[in-house]
Structures are given as structure tokens and as C-alpha cells.
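Chemist: generate coordinates for the sequence data below:
(2 chains)
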Amino acid sequence: EAGVAQSPRYKIIEKRQSVAFWCNPISGHATLYWYQQILGQGPKLLIQFQNNGVVDDSQLPKDRFSAERLKGVDSTLKIQPAKLEDSAVYLCASSSVGGAYNSPLHFGNGTRLTVT
Amino acid sequence: GQQVMQIPQYQHVQEGEDFTTYCNSSTTLSNIQWYKQRPGGHPVFLIQLVKSGEVKKQKRLTFQFGEAKKNSSLHITATQTTDVGTYFCAGGEGKSTFGDGTTLTVKP
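Modeler: Sure, this is the predicted structure:
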């Protein structure tokens, strides 16, 4: 099966600029996640979608970050305006739904964002 | 909120030595997942443990889930250079909270 697709792979912007990332999950996976991974740390959940609805966005800095998943398939994550501390790898993951326990996450290759 | 702590942060071993990483949660977990991230790569799912006291093996890797479902461990027997990377545990209810990982380096 095709994996999770993300673009772009790398992005360099200046602070206060805006940036957008795109993700296409594995076909049939209803749940989509955006994680932020700062160098030397584990992935931190920003937002979780179930189909096209938001399940959890408690750690999303909503004053500057936004995400959408129109039609319940692919998703975009936007940062506007960017800050230096937003420099990180942004990982998209998807999982199937079912059962009482968390389904394994399938990650994309990520977008490495550098804010200067 | 829920926190997942991993120790050690780094581990350097000689090829052939064993390696163990530990994961501890501040709350009881419904399940625990383990992922491996190679340098420059993305996390890749290894295994999921659900039952109290569960032990699972994958070749040289042994995974354990504590009786109280608040801790877990990953043990690698006779490490190889292909084992290098960062090992993350993740647990939670409905979503996975990741630890900060243990980075393993193996000297040939």
C-alpha cells in the first residue's frame, strides 16, 4: 500500500511569514494526525482528525496555527505568522479506526521547517 | 496532562552488547506502542502491548508491559549496527503521547 505522502520535504522561511504543509494519508485511514517534532524530542500532537472532524486540538497554538481536512481525506497545516520556535519537523500520520485501543500510527517523511 | 518519560536519553554500546530502554507513565495506560526512528527518518511502528504483564518478542527485541500498566521496556539482545536510531514509546487513551525517546548508537 502507498504510504503517507507529505510535501514539501523542506521549507525555509523568515519569521512572520506564512507557510503551509500538505498531507495525504493512507487510503482508507479515517484518522489523521499532525505532530510537531523539535530536534531531540518526541513527536508532540498538534491536532487529530477523525474523517473531517477535529477530535483533539488542545495543543494547537490556535493564534498562529490552523489545520483543515476537507472531504475527510487530505489535510493542510498552516502557520501564520511563523516564529523562530516553530522550527521543527512537522509529521503527518494516519491510522485506521476500530477496536478499543489506539491503532498503530503510519507516519509520512515529514516537512523540515526552518524559520530564520 | 499525561506524561510519558523515557530513560536513558542516550545509550552507546559496543556491537554485540545488550540494550534496554525504559518507559514510565504518570497514569495508567490502556496500551503502549513502540516506534523506531532512524537518523533522518520518520517514526516506524514496532509493536503494541495491551495486556497487563504482557511480553512480546520480535527476533532480538523483547517488549514488556508492566503489571500496573504504567511502565514498559524494550530490550535488544546482541545489538547490531542496524539497530541504531531513536526508540520511542507512546501511550494513551484514544491518542498516543510520545516520550522523548532513547537514542542508541552502536560501535562496530
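
Chemist: what is the burial count for the residue of chain B found nearest chain A?
Modeler: Using C-beta to the nearest C-beta, residue B:98 is the residue of chain B that sits closest to chain A, at 3.5 Å. To be clear about C-beta, it is placed using only N, CA and C from the backbone, and glycine gets the same treatment. As a burial measure, residue B:98 scores 24 neighbours (other C-beta atoms under 10 Å in any protein chain shown).

Chemist: over to the one 4 residues further on?
Modeler: Counted with other C-beta under 10 Å, the burial measure for residue B:102 works out to 22 neighbours.

Chemist: what sits against it?
Modeler: Contact analysis of residue B:102 by C-beta atoms under 8 Å, 6 or more residues apart in numbering or on different chains lists B:6-11, B:21, B:86-87.

Chemist: give the buried residues for the host helix or strand of residue B:5.
Modeler: Taking DSSP states H and E as the criterion, the element that holds residue B:5 is strand B:4-7. Within strand B:4-7, the residues that count as buried by 16 or more other C-beta atoms under 10 Å in any protein chain shown are B:4, B:6.

Chemist: just the CA trace of it, in CSV.
Modeler: Output in CSV follows, covering the C-alpha atoms of strand B:4-7 (Å, rounded to 0.1, in the frame of the first residue of the first chain):
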residue,chain,number,x,y,z
VAL,B,4,5.5,9.6,29.3
MET,B,5,9.1,9.6,30.4
GLN,B,6,11.9,7.5,28.9
ILE,B,7,15.3,6.7,30.2
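
Chemist: elements contacting that strand?
Modeler: strand B:19-25, strand B:85-91 (3 or more C-beta pairs under 8 Å, 6 or more residues apart in numbering or on different chains; DSSP states H and E).
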